[in-house]
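J.: have a look; sequence and predicted model below, questions after that.
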Amino acid sequence: MNRTPDDINRWYELIAKDLAGELSSAEKLELNQWRQEKPEHESMNASLHDLWKVPEEAVTFDEDAAWMKVRPKERPMFGIGMRWIGMAAGLLLLLGLGWWLKQWQLPEMQRMEGVAAHIPLWLPDSSQVWLDKGAVLEFEKNFAHGRHLRLSGKAYFEVKKNTTQPEFSVKTQDIQVQVLGTGFTVNTLDSACTSVEVAHGKVRVQSEEKKEVSVILEKGEKAEFRAGQLKKSKIESANFRAWQTQSLLFEDQDLAHILPELESYFQVNIEVERPELLSCRFTAHFEKPALAETLQILCISTGLQFTESNGTFILSGKGCSSNP
Amino acid sequence: MQTQVIFEDEASYRQAFKLHYAALCRMVYRILRDKDVCEDIVQDLFVRVWEKRNSIYLQGSVKSYLYRSAMNAALNHVQSKKVKTRAAIDDVSFELQGGHLPDEISQADDLQTAFQKALQELPEGCREIFMLSRYEQLSYKEIAETLEISPKTVENQMGKALRVLREKLGSFLQTAIGLLFLLKL
């Protein structure tokens, strides 16, 4: 059989997709069949695999040196009109305090990334942090210039009292939290709203942009920073640290309260068939709960059933209308 | 597709830098063939993106955005400075010699050298697509987003790259390659 040019181009494309890992399973079958048709098909396939193995000429780039050039700088020290004076002063400083400036300007940073939220990580001052999956925490190695940290994502801190370095601060993109020995959660996961929740102790939360926007939080209080404003309120749920402690506690609460907490813990959608069901009440304590098991227990004690469709769980049934 | 701010904070900026800096440099290097200039361009890109982070809203991924910006910056550099890339100079010199490139390829000492020469012979767009797939492991979708072309074009050009390379390197692929890999091992 004669191959038309179109045919042969298609086989090149399929082999390329195979090499790049882009082949669908149907195309894979098609390609395998074609390879077995004739020895020259197999040899074309083999030679393209060989070609793919040829390494690129090696060029290397000094990433660390580059990072020093592009990393965010502190505020510029001098205005534009004073650039020359600024440069002269900079030179003098460099000459006089070369080694010291170098150490001061290029602190060695340490970085932690959250993998398992329930396992605490130790900080250099033996404070502890629980980092939620994907959260990133950065601070200077050994807290050489104080206990200052930068966070994106969600984290719970247990801060150890330290008389030589009493201040402990956590910055996010929009707020700063200052602490004196305490336990609290900072959450930047919602890009429109950063929140701080205090389990015990006392913290001050301050806007990064306007320092006068600040609140002091005590045990059981939380603050939400949204659109430049800080709002303080009481923590209503006993489960605000559930992501970290891996336990859920419900004490005679209605489903209107319980379902949002289950949704946030398990990262699923849960709906009720009829709004009346939201008034069903439920008491339970779960340690390391699993979703199916939790819903089963909830359904048994409230007389409901649950079904799943497209990732949403729906509670239905006669429910607890007879209950007080 | 969801719109999002490019960097939430310094940590995510740092992460993007760690992930992509070297790869972006390699990509620009392939176009400009000048290590210093390509590092300047990519560093400048990172600084600019960080400074403007609050006014950049992404349609696709951070990765595609960075690759596309670096690619544009490299091409702008070629345009504005009228830089002759080494590839272009090579082309000119081959022309002067009467276009003996295929011979040159077959007479190259090893497959690696021949392969580099054959790569330079590919049309620029075709070469770039091949390199992003082969050496930066970008998916077809990411390549399409980076170069603002359709995934179908990526598919066609990948096939074309393999066909042209195989035609140019045929003799090597049958004879030299086994030897080359034996020697390297």
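T.: Looks like it arrived, so ask away.
J.: give me the domain ranges for the chain.
T.: Defaulting to chain A. Per the record, chain A has its domains at A:5-53, A:63-105, A:109-232, A:246-316, by automatic domain parsing.
J.: was after chain B, sorry
T.: Split by automatic domain parsing, chain B gives B:1-83, B:85-185.
J.: could you give the mean pLDDT of the last one?
T.: Spelled out, that is domain B:85-185. Domain B:85-185 shows a mean pLDDT of 72.
J.: stretch A:163-176 too?
T.: Rounded mean pLDDT across stretch A:163-176 is 83.
J.: contacts for that stretch next, please.
T.: With contacts defined as Cβ atoms under 8 Å, 6 or more residues apart in numbering or on different chains, stretch A:163-176 is touched by A:125, A:127, A:143, A:146-152, A:155, A:157, A:159, A:162, A:177-181, A:186, A:188, A:194, A:196, A:205-209, A:225, A:230, B:8-9. Every residue, glycine included, has its C-beta placed from N, CA and C.
J.: list only those of those residues flagged as buried.
T.: For those, a neighbour count by 16 or more other Cβ atoms under 10 Å in any protein chain shown gives the buried set as A:127, A:143, A:147-152, A:155, A:157, A:159, A:162, A:177-179, A:181, A:186, A:188, A:194, A:196, A:205-207, A:225, A:230, B:8-9.
J.: would you put the C-alpha positions of the helix or strand where A:Met68 lies in CSV?
T.: Assigned by DSSP states H and E, A:Met68 belongs to helix A:63-70. In CSV, the C-alpha atoms belonging to helix A:63-70 read as follows (Å, rounded to 0.1, in the frame of the first residue of the first chain):
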residue,chain,number,x,y,z
GLU,A,63,20.0,30.9,40.3
ASP,A,64,21.1,32.1,43.7
ALA,A,65,23.0,35.1,42.3
ALA,A,66,20.0,36.0,40.2
TRP,A,67,17.6,35.7,43.1
MET,A,68,19.6,38.4,44.9
LYS,A,69,19.1,40.7,42.0
VAL,A,70,15.3,40.1,41.6
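J.: that helix - contacts with which helices or strands?
T.: helix B:10-32, helix B:35-51 (3 or more Cβ pairs under 8 Å, 6 or more residues apart in numbering or on different chains; DSSP states H and E).
J.: contacts for that helix next, please.
T.: A:106, B:14, B:17-18, B:21-22, B:39, B:42-43, B:46-47, B:50.
J.: how about a cut-off of 7 Å?
T.: Residues outside helix A:63-70 that contact it (Cβ atoms under 7 Å, 6 or more residues apart in numbering or on different chains): A:106, B:17, B:21-22, B:39, B:43, B:46-47.
J.: run the angle between that helix and helix B:10-32 for me.
T.: Put simply, helix A:63-70 runs at 110 degrees to helix B:10-32, going by axes from the mean of the first three to the mean of the last three Cα atoms, to 10 degrees.
J.: ok and helix A:63-70 relative to helix B:35-51, angle-wise?
T.: Using the same axes, to 10 degrees: helix A:63-70 against helix B:35-51 is 50 degrees.
J.: so which bits of helix A:63-70 are buried?
T.: A:66-67, A:70.
J.: swap in stretch A:47-57?
T.: Buried residues in stretch A:47-57 (16+ other Cβ under 10 Å): A:47-48, A:50-52, A:54.
J.: export the helices and strands packed on helix A:63-70 as a markdown table, with columns for mean neighbour count.
T.: Shown next, in a markdown table, are the helices and strands packed on helix A:63-70 (neighbours: other Cβ atoms under 10 Å in any protein chain shown):
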| stretch | mean neighbour count |
| --- | --- |
| helix B:10-32 | 20 |
| helix B:35-51 | 18 |
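J.: can you list the strands that the helix or strand harbouring A:Phe306 pairs with?
T.: Element membership for A:Phe306, per DSSP H and E: strand A:305-309. If you go by DSSP bridges, strand A:305-309 pairs up with strand A:312-316 (antiparallel).
J.: test my guess that B:Lys160 contacts B:Cys126.
T.: Yes - at 5.7 Å, B:Lys160 counts as touching B:Cys126 under the criterion of Cβ atoms under 7 Å.
J.: what would the helices and strands packed on helix A:63-70 look like in a markdown table with mean pLDDT and distance to A:Glu271?
T.: Output for the helices and strands packed on helix A:63-70, formatted as a markdown table (pLDDT from 0 to 100; distance: least, Cβ to Cβ, whole Å):
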| stretch | mean pLDDT | distance to A:Glu271 |
| --- | --- | --- |
| helix B:10-32 | 89 | 33 |
| helix B:35-51 | 91 | 41 |
